[in-house]
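Student: Dropping a prediction and its sequence here:
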Amino acid sequence: MENKTREKLGVLIDQLRAEPEKEKVDFKRWEKEVELVKIISAIANTDGQPENNPLFEVLGDDYGLVVLGVADDGEVVGIPRPEEEEQTRWLWHKEDGINGALADKLRKWIAPLPQVEVYVFEEDNKRWVAFLIFPSTKQPHIFIRNGEGIQKGDWYVRRLTTTERAGPEDLVRVMRKPIEALQREINRVEARLNGRLDEAFSQIHRWTELLSSRGLDALAREADPATRDAVSAGLPPHERIRRRLGRSSDPVAEALNEAFDRLTSGVKSAGIPWAPHPATPEEAKGWIERLEEVALPAIQAVAALVALDEKGNYASLLQELLETYAEDFGEPPVNTTFNQAGRSLHLYPLVLLHYAVAVVAYAHQRVAYLRVLKNATWLVRNEKALPQVPEVQDRAIRSRELFHFADQKNLCDPLAMHALPLLLKEQGILRGVLPRRALRDPDQLFLEAELALALIGMENTLGEMPFFGNYVYGSLSSTHRAACRLLKKGSFLEEVLGKPVRKALEQLLRALEAMTMRGSLPCDSEGIIGLARCLERDTGAG
C-alpha cells in the first residue's frame, strides 16, 4: 500500500510542479520548524473540495501535501544539506527518523496532532521530502505555545494558496463537522433499520388483514400495539422511526454540547491533582497550561455563539452547560483528598468561560447572555443551588497563590491577570469575534466587562461580597474610566440588573469600602478610589 501511495505521489507531484499551487498543496525550498508546523496544521484544518484538490482523484479523499526541496516554480532545488543549513539535519535521516522527528515537532507546538506521513524522494543527487497530510476529524489543530509570529491559542487555515489565522466562520465550520459525521452515521443506521421495518410492517399488515378477514380484528390490534399505533397515527414506519430517533435539526446546539463534552473529558484526562503541592513554578504552570489547552475549543465555541446569536436562542442551553460543568468539577469525587488550590484549578476553565461570556456579551450588548451569568447556579453536593458567578470567582480567587507561584507574579495581582492575556492580548482567542471598535483598547474593554460581571455577581450576594478583579487592584484612572463608561453607555445592563447602573455601582462601592475597613483587602486598591471619584463627578455633573 505504501509503495503504491509513493508511486502515485511521485507521479502527482511531477504533474503539480508544472501547475500553480493549490489550496491544500504547498511547495517550499525548506521551512523553519514553526513555519512548517503552521503550514501542516493549516492544511489539516482546511476542508478542500474535489474540484480544487487534485489529491481527491489520485488518493480518493481530501488529503493535503507539503513538499520541501521544490521551489514555487516547480524546480527541484533540493533540501540544503546539514553542513549548509544546520536546521535541515533532521530531513536527512531515513523516512522513519523523519517521521519520528516530525511527530515530536508537531507535539511540541500543536494539539491535537494531525496524521502525517513522510515520503523521501531523490533525483539528480538532490533530496526532496513530501508530507502527506490526512483528512482530519480532530479540527481545530491549535497552537499550544507562543513562537515567532505565533500566539498560544492561534490556529490556521488555507485560503487559496496562503496560510491565514482562522476566523469565526472557520470555528462554526469545524464545530459542525462532528455533528455532520454523526448525522451521516445516524442516516446510515436509519436506512438499514427502515428497510427491515418496512419488511416487518408489510408482514404485520398482511397478517392483520388475514385475521380481520376471519373476524378477529379486535384481537389482532390488541396483540400488536406497534401496528395499532402506526395505523392510528397515520404514519409510515420509517417516519415513526425518524421521530423516535429524535433526529436533530439544530447543529449549533449539538456542536455546543460537543464542545462541552470535549472540555469535560479533557479536564478529566489532564491529570490535574485535587490536592496540589507544586514543588516548582514549572509544575504549577504545567497544570494551568494543560487546563487552558483543553478549555480553548469550548471558549472559542462559546465566544462565537454569543457574538453571532443576536436573539439569545441558545442562552438557556449555555446556562445548563455551565451549571453541569460546575456540578462535575466544583467538588472533588467522594473520598478524594483535596485542598482549596485543587478545587480552584478544576474551576479555572469555568472562570475563563465566565470572563469570555462577559467580554463578548458586553461588547455586543447581548442581554440574554449576560442574564446567563446572573442566573447560572451551582448545586454543591445536596445543598441548595448557589449563585455560580460570585461563588466560583470567590473560590478561584482565594487560591490565586498557586497561579502567581506559577508565573512568579505579585500576590496582590488578581486572578484576572491570567485571563486577560489568554483572551484579549495581541492574538487572544476572543479577538476574532469582537467588534473592531472594541479592540482599540482591549485592556479597557476587559476592565469594563469585568466591572459589569462584578455588578451582575453582586445581585446574588445581597450586596455583601463582590469578587475582586483588575477593577479593584488596577490603576485609579483605568477603573475611573471604566465606571464612567458604564454609566454612559451601560443602559442595556439595566435590563439584566433590574436597577439603574449608578445604583448598582454605588452598592458595589459600599461593599468594597466595608471590606477595606475590615482589612479584607490587604493590597493597595486604587481602583476603589477611581470608582468613588467617578460616582462623585457624575453626581456633581447631575
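Tutor: Arrived safely.
Student: how about the helices in the stretch 251-400 of the chain?
Tutor: With DSSP state H, counting those that start in this stretch as the criterion, the stretch 251-400 of the chain has helices at 251-268, 281-308, 315-329, 340-364, 367-375, 388-398, 400-407.
Student: pLDDT averaged over the fifth one - what is it?
Tutor: In other words, helix 367-375. Across helix 367-375, pLDDT averages out at 94.
Student: mind listing what's buried in that helix?
Tutor: 368-375 (16 or more other Cβ atoms under 10 Å). In this view, the C-beta of every residue, glycine as well, is placed from N, C-alpha and C.
Student: what's the angle between that helix and helix 340-364?
Tutor: Orientation of helix 367-375 against helix 340-364 (axes from the mean of the first three to the mean of the last three Cα atoms, to 10 degrees) gives an angle of 160 degrees.
Student: With the second one instead?
Tutor: Put simply, helix 281-308 runs at 30 degrees to helix 340-364, going by the same axes, to 10 degrees.
Student: Could you shift the numbering so residue one becomes 28, and keep it that way?
Tutor: New numbering, starting at 28: the last item is helix 308-335.
Student: So which elements touch helix 308-335?
Tutor: Helix 308-335 is packed against strand 169-170, helix 195-240, helix 278-295, helix 342-356, helix 367-391, helix 427-434, helix 443-450, with contacts defined by 3 or more Cβ pairs under 8 Å, 6 or more residues apart in numbering; DSSP states H and E.
Student: again, only using 7 Å
Tutor: For helix 308-335, the packing partners by 3 or more Cβ pairs under 7 Å, 6 or more residues apart in numbering; DSSP states H and E come out as helix 195-240, helix 278-295, helix 367-391, helix 427-434.
Student: and the helices of the stretch 278-427 of the chain, which is most packed in?
Tutor: Of all those, helix 367-391 carries the top mean neighbour count, a mean of 24, counting by mean count of other Cβ atoms under 10 Å.
Student: can you tell me the average pLDDT over it?
Tutor: 91.
Student: Next, the angle helix 342-356 makes with it.
Tutor: Orientation of helix 367-391 against helix 342-356 (the same axes, to 10 degrees) gives an angle of 170 degrees.
Student: any idea how far helix 367-391 is from the chain center?
Tutor: The chain centre lies 13 Å from the centre of helix 367-391; the measure is Cα atoms, centre = their mean, to the nearest Å.
Student: Remind me which helix or strand Glu149 belongs to.
Tutor: Per DSSP states H and E: Glu149 is located in strand 143-150.
Student: Can I get the helix or strand that comes right after that strand in CSV, CA atoms only?
Tutor: Where DSSP H and E defines the elements, the next helix or strand beyond strand 143-150 is strand 153-160. In CSV, the C-alpha atoms belonging to strand 153-160 read as follows (Å, rounded to 0.1, in the frame of the first residue of the first chain):
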residue,chain,number,x,y,z
LYS,A,153,19.0,16.1,-4.7
ARG,A,154,16.6,15.2,-1.9
TRP,A,155,13.1,16.4,-1.5
VAL,A,156,10.5,15.3,1.1
ALA,A,157,6.8,15.1,0.8
PHE,A,158,4.5,15.4,3.8
LEU,A,159,1.1,13.7,3.1
ILE,A,160,-1.5,15.2,5.5
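Student: and strand 153-160, how far out from the chain's middle?
Tutor: 32 Å.
Student: Could you list the residues in contact with it?
Tutor: The contact list for strand 153-160 (Cβ atoms under 7 Å, 6 or more residues apart in numbering) reads 36, 40, 67, 70-71, 90-97, 103, 105-106, 118-119, 125, 141, 143-148.
Student: let's see it at 6 Å
Tutor: Residues outside strand 153-160 that contact it (Cβ atoms under 6 Å, 6 or more residues apart in numbering): 36, 67, 70-71, 91, 93-97, 103, 105-106, 118, 143-144, 146-148.
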